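> Below: sequence and its predicted model.
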Amino acid sequence: MYTWKSHYVVQTDYQHWANEVLFSAIDHLKPEFLDSDQGLFFKSIHHTLDHMLLVSQVWQARLRGETLEPAPNYKAIQHPDWRELKNAMRKETRHLQDWLDRQPKAWFEGKITYVSSDGKMKDNWVRDVLNHLFTHYAHHRGQISAVLTRLEAPCPEMDFIYFRREMDKILAEP
């Protein structure tokens, strides 16, 4: 039976898969391209991915009813080692998937209240927060993908339908 819970657990699996496709394409770059200014909002590929991880940590804390202390610094790179950053992103995404899977179905129909980055109390539907988080990932992966194409790395095929096709193929195997 389709539920919001099942939807977001699958969406989280997709996020993990799309990150892996992106990492594979990035691995074709010369290492110096990771930290150089590529015209992204956060300048480099490395800082953009680091930002994605930090935003994920912030929203996961909010979803749990917690606040990250100290307040996140989006201008500084939290994980300067590229390999460590990729592994942290992998763990964070799987942690989110596991945590969402443990939430009751009714939780996905509710709202959360949290302190926003401007210090004000906000409330949003859980669905809207998860949609925001996942489209935030897609937004930045798309920016990085454009840079990869410009740098003549393989263009990562990260569309959701490719994920579904790959999962269907895997599930069909004996």
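All right, it came through fine.

> CA atoms for contacts and neighbours, from now on please.
Fine.

> Check the spacing between the residue nearest the centre of the chain and Ala71 real quick.
A centroid search over the chain (Cα atoms, centre = their mean) returns Tyr137, at 4.3 Å, as the residue closest to the centre. Note on Tyr137: its distance to Ala71, by Cα to Cα, to the nearest Å, is 21 Å.

> coming back round to it: and the one helix or strand the residue nearest to the centre of the chain maps to, what does it pack onto?
Assigned by DSSP states H and E, Tyr137 belongs to helix 126-150. In terms of contacts (3 or more Cα pairs under 8 Å, 6 or more residues apart in numbering; DSSP states H and E), helix 126-150 is packed against helix 4-26, helix 45-63.

> if I pick the residue nearest to the residue nearest to the centre of the chain when sequence neighbours are not counted, what's in contact with it?
Among residues not flanking Tyr137 along the chain, Met52 sits closest, at 6.4 Å (Cα to Cα, 6 or more residues apart in numbering). With contact taken as Cα atoms under 8 Å, 6 or more residues apart in numbering, Met52 is in contact with 136-137, 140.
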